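# here is my input; please provide its structure:
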Amino acid sequence: MTTWKDYRQSITSIDEDEMSFIDTLSKLQAERIKRGISQKAFAERIEMKPTTSGKN
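Below you'll find the model as predicted:
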């Protein structure tokens, strides 16, 4: 399985600011999964609709 860290190295069309944002989201998602928090529960905790925060 390819990790985000591995895949990130192959991406050249995204500028560094956007890549930094994606890295932050990736870390947030990994931590959410590590803690066993569903996408729906996470969205509720931050008072955001699940469709806004993404599906997982």
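# how about the contacts made by Arg32?
Gln39, Phe42 (Cβ atoms under 8 Å, 6 or more residues apart in numbering). Placement of C-beta: from N, CA and C, glycine included.
# distance of it from Met48?
Counting by Cβ to Cβ, to the nearest Å, the gap from Arg32 to Met48 is 13 Å.
# and for Thr24?
Distance, Thr24 to Met48, using Cβ to Cβ: 16 Å.
# quick one, longest helix in the chain?
helix 16-34 (DSSP state H).
# list the buried residues of that one.
Gln29, Arg32 (16 or more other Cβ atoms under 10 Å).
# give me the pLDDT for Met1.
Looking at Met1, its pLDDT reads 64.
# same check on Thr51?
66.
# repeat that for the one 4 residues further on.
Among the per-residue scores, Lys55 shows a pLDDT of 52.
# likewise for Ile11?
Ile11 carries a pLDDT value of 84.
# so what's it up against?
Contacts for Ile11 (Cβ under 8 Å, 6+ apart) come out as Met19.
# and it, which of the three is it?
The local conformation at Ile11, judged by DSSP: H, G, I helix; E, B strand; the rest coil, is coil.
# change the start of the numbering to 484 and stick with it
In the new numbering, first residue 484, that becomes Ile494.
# backbone dihedrals for it, both of them.
phi -90, psi 130 (degrees, to the nearest 10).
# ditto for Ile529
Backbone torsions of Ile529, given as degrees, to the nearest 10, read phi -100, psi 10.
# before I go, just wanted to say thanks for your time.
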